[in-house]
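[1] let's see this in three dimensions:
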Amino acid sequence: MKCPLCSTGLKQHLLNPSLSIIACPSESCVYPFNMSISELHDHNLILSVSTADIMHNVHKKMNDNKDIDEKLAEFIARDDPEVS
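    Numbering: from 1, shown residues only. Okay, the predicted model is just below:
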């Protein structure tokens, strides 16, 4: 998805451990912070996230970095039944 204001690719940003927002990463752009909370929800820009989603993305980013050992990435991003 592209930003409707500046055409930069939108990114998902973690707000807290269970909530994220899809927003423009450009520091000079206000999208979607120019919208009301209801508009953010109507445009599906507020998303619920799980610990598993977060750790999957961490593992993916670590695997993309060739300086990080694959076994270390797996260890860090492994499932932990004590964490919900």
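
[2] correct me, but residue 59 touches residue 75?
    No: the criterion here is CB atoms under 8 Å, and residue 59 misses it with residue 75 at 10.0 Å. C-betas here are computed from N, CA, C, even on glycine.

[3] which one's more surrounded, these two?
    Set side by side, residue 59 and residue 75 show more neighbours around residue 59, with 17 against 10, by other CB atoms under 10 Å.

[4] which SSE is that one in?
    In this assignment (DSSP states H and E), residue 59 forms part of helix 51-64.

[5] now do the contacts for the closest residue in space to residue 30 that isn't next to it in sequence.
    Excluding its sequence neighbours, the residue lying closest to residue 30 (CB to CB, 6 or more residues apart in numbering) is residue 5, at 7.1 Å. Residue 5 makes contacts with 24, 29-31, as judged by CB atoms under 8 Å, 6 or more residues apart in numbering.

[6] can you pick out the most distant pair from the residues you listed?
    The two members of these with the most space between them (CB to CB) are 24 and 30, at 7.9 Å.

[7] neighbour count for these two, which is higher?
    In this view residue 24 and residue 30 are compared by other CB under 10 Å, and residue 24 has more residues nearby, 23 against 13.

[8] got a pLDDT number for the more buried one?
    Predicted confidence (pLDDT) at residue 24: the value is 97.
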